[in-house]
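A.B. asks: Make a model of this:
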Amino acid sequence: MTGADEAEGVARIRDVFPRFRRLVEDLLPDNAPFLPGAGRDELTLLEWELGFPVPPELRAMLELANGQDRRVAPDGPIQWARLLSVDGIATTYRFLSEAVSDMAVPAAQPSHYRHEVISPGWVPFAELADCFWCLDMSPGSLGVAGQVFYLPNVPDLSPPEAVSLSAFLARFCDGVEDGSFEVSDGTFLLPLGDRSTQPE
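C.D. replies: Numbering: from 1, shown residues only. Just a heads-up that it's a prediction; the model follows:
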């Protein structure tokens, strides 16, 4: 990914995230509230925890809102998954790395994923009951860096849901606004069978 690509991704996040946040606050008033944006020191600590730079689109989103406050309400907008804070991402990344690091088995290629079960390039950004939405910064031969996928607590990976975090959030916004996504039981429901934004 070039510097120009990263800059475009950051610009897309700065455009789509406020739109996403407005929909959540208007339509899901009982969701966990968004926290103020993360500062430079917090993001530097997250980079140290990851061992590589915070993905640009994720960094841009965290600068706008440092996740959602689970102390107020447990539910989030992405099929009940709540956006993680910097601390939540760091803690979860550490937990996954320590708990299943020996299970980072190379995936047979061609594949969207470089590893099965777990990978040091998987960065969680939303969580529900030990299941996570992640960015994949080290994809397989069919994937793209930054692709978004769902990591269940018993890993059985489906193809990625979007090519980037900004595309993933835009998909929710478009679906909610045009009525193709259901707003139900305090969350936005993603039609998982629709792979229209999956990487080629």
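A.B. asks: residue boundaries of the helices in the protein?
C.D. replies: When assigned using DSSP state H, the helices of the chain occupy the ranges 3-27, 40-50, 56-64, 86-100, 165-178.
A.B. asks: right, so those helices: which one is the most enclosed?
C.D. replies: Among the helices of the chain, helix 56-64 has the highest mean neighbour count (mean count of other CB atoms under 10 Å), at a mean of 22. The way it works is simple: take the backbone N, C-alpha and C, and place the C-beta from them, glycine included.
A.B. asks: coming back round to it: what's the least confident stretch among the helices of the chain?
C.D. replies: Among the helices of the chain, helix 86-100 carries the lowest mean pLDDT, at a mean of 90.
A.B. asks: picking that back up, any chance of the helices of the chain in JSON lines with distance to G186 as columns?
C.D. replies: Converted to JSON lines, these look like this (distance: least, CB to CB, whole Å):
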{"stretch": "helix 3-27", "distance to G186": "10"}
{"stretch": "helix 40-50", "distance to G186": "28"}
{"stretch": "helix 56-64", "distance to G186": "21"}
{"stretch": "helix 86-100", "distance to G186": "20"}
{"stretch": "helix 165-178", "distance to G186": "13"}
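A.B. asks: Among these, which comes closest to D130?
C.D. replies: Across these, D130 has its closest neighbour in helix 86-100 (9.1 Å, CB to CB).
A.B. asks: Hmm, H112 and P159 touching each other?
C.D. replies: Yes - with contact defined as CB atoms under 8 Å, P159 reaches H112; the gap is 5.7 Å.
A.B. asks: pLDDT of stretch 115-133, averaged?
C.D. replies: Mean predicted confidence for stretch 115-133 is 92.
A.B. asks: In that stretch, which residues are buried?
C.D. replies: Of all the residues in stretch 115-133, those buried under the rule 16 or more other CB atoms under 10 Å are 115-128, 131-133.
A.B. asks: Restricted to strands, list those residues.
C.D. replies: Counting by DSSP state E, the buried residues of stretch 115-133 place H115, E116, W122, V123, P124, F125, A126, E127, L128, C131, F132, W133 in strands.
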